[in-house]
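[1] When you get a sec, could you give me coordinates for this:
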Amino acid sequence: MEYSNEVLEATPERVTKFLMGMGAVAAIRTLMAEAGMTDDDILEGRALLLDVLAAPRKSSAAPDTADARAQRAATAELDQWDEPNFARYGAALRRRFPDVHAHVFKDLAPSTGTAAVRGVATFLARLDALESGADPDRAGTKQSDKKAVAFLATRGLDKDERKRLKGLVDVALGPTSPLPETTELPETARRREALSKLRAWFDEWSTTARAVVKKRGYLIRLGLANRKAPQRKPAAAPSKPGEPLDETDATDLE
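    Numbering: from 1, shown residues only. Reported below is the predicted structural model:
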């Protein structure tokens, strides 16, 4: 029989409770013995359980790629870069090249995450256009635009730094590689096989227990039934003014 991973992973805890319940209550063990369960059957269940506990568990680490890690790192770096550097380069341009400042920082502000990547990309693209004179709307300001970009280079935003930032933008925008095809690791298959054997043992004997153990408390001890939630008694309706208290109310007031 094929079992889901959820069913299999829940089995060791259920078998542990089942075995301990039988060991702790002689009446349960007697009923199961009458139904054919021998000591060897119990030893088999114990051995299967210990085998599962010894089998390595599948790693819970989320699947990842080097590309994806690099993308997250680049996004985080640009996120940290935009706020202080927009502030200092903006202040420098505002004083010396106010027209360039208005153009470069139009609708541009520090942000977070993907918006920060987009903001830095916009900032760099506008500087490139100013440096090359490619913006037709600024045909009359080419000389001052180039001076502004050259001035920013003296403050640290030179060609090398802009190239580095563009590289981060390219990494942050992808593409990244898909996860490689993976085959089931030998230890994963080994654990699943051990869990399946344990589950088959549990299915046989838990089904037997449900057939021969009738006392609900015993089934709860075996982990085959749940305790009923206590039912709350409905609150008594408040008495009307002038209406005599019933005996319970009178007792409560004494």
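[2] Only C-alpha atoms from now on, for both contacts and neighbour counts.
    Will do.
[3] Give me the nearest residue to A194, chain neighbours excluded.
    V52 (5.5 Å; CA to CA, 6 or more residues apart in numbering).
[4] Which element, helix or strand, includes the one you found?
    In the assignment (DSSP states H and E), V52 maps to helix 39-54.
[5] from the chain's centre, how far out does that helix sit?
    34 Å (CA atoms, centre = their mean, to the nearest Å).
[6] So which elements touch it?
    Packing partners of helix 39-54 (3 or more CA pairs under 8 Å, 6 or more residues apart in numbering; DSSP states H and E): helix 5-24, helix 186-212.
[7] and the longest one, how far from the chain's centre?
    Okay, so that is helix 186-212. For helix 186-212, the distance to the chain centre is 29 Å (CA atoms, centre = their mean).
[8] Ok, the first one next?
    If you compare the mean C-alpha spot of helix 5-24 with that of the full chain, they lie 27 Å apart, counting by CA atoms, centre = their mean.
[9] ok, residues contacting that helix?
    28-29, 42, 45-46, 49, 52-53, 192, 195-196, 198-199, 202, 206, 218, 221-223 (CA atoms under 8 Å, 6 or more residues apart in numbering).
[10] Let's see that with 10 Å instead.
    2-3, 28-32, 42-43, 45-46, 48-50, 52-53, 191-203, 205-206, 209, 218-224 (CA atoms under 10 Å, 6 or more residues apart in numbering).
[11] rewinding a little: JSON lines please, covering the helices and strands packed on helix 39-54 and showing mean pLDDT and mean neighbour count.
    Formatted as JSON lines, those follow (pLDDT from 0 to 100; neighbours: other CA atoms under 10 Å):
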{"stretch": "helix 5-24", "mean pLDDT": "93", "mean neighbour count": "16"}
{"stretch": "helix 186-212", "mean pLDDT": "91", "mean neighbour count": "17"}
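[12] Nearest to K228, out of those helices?
    Closest to K228 of the helices and strands packed on helix 39-54, according to CA to CA: helix 186-212, at 17.5 Å.
[13] SS state for A153?
    Per DSSP: H, G, I helix; E, B strand; the rest coil, the secondary structure class of A153 is helix.
[14] Just give the number of residues close to it.
    15 (other CA atoms under 10 Å).
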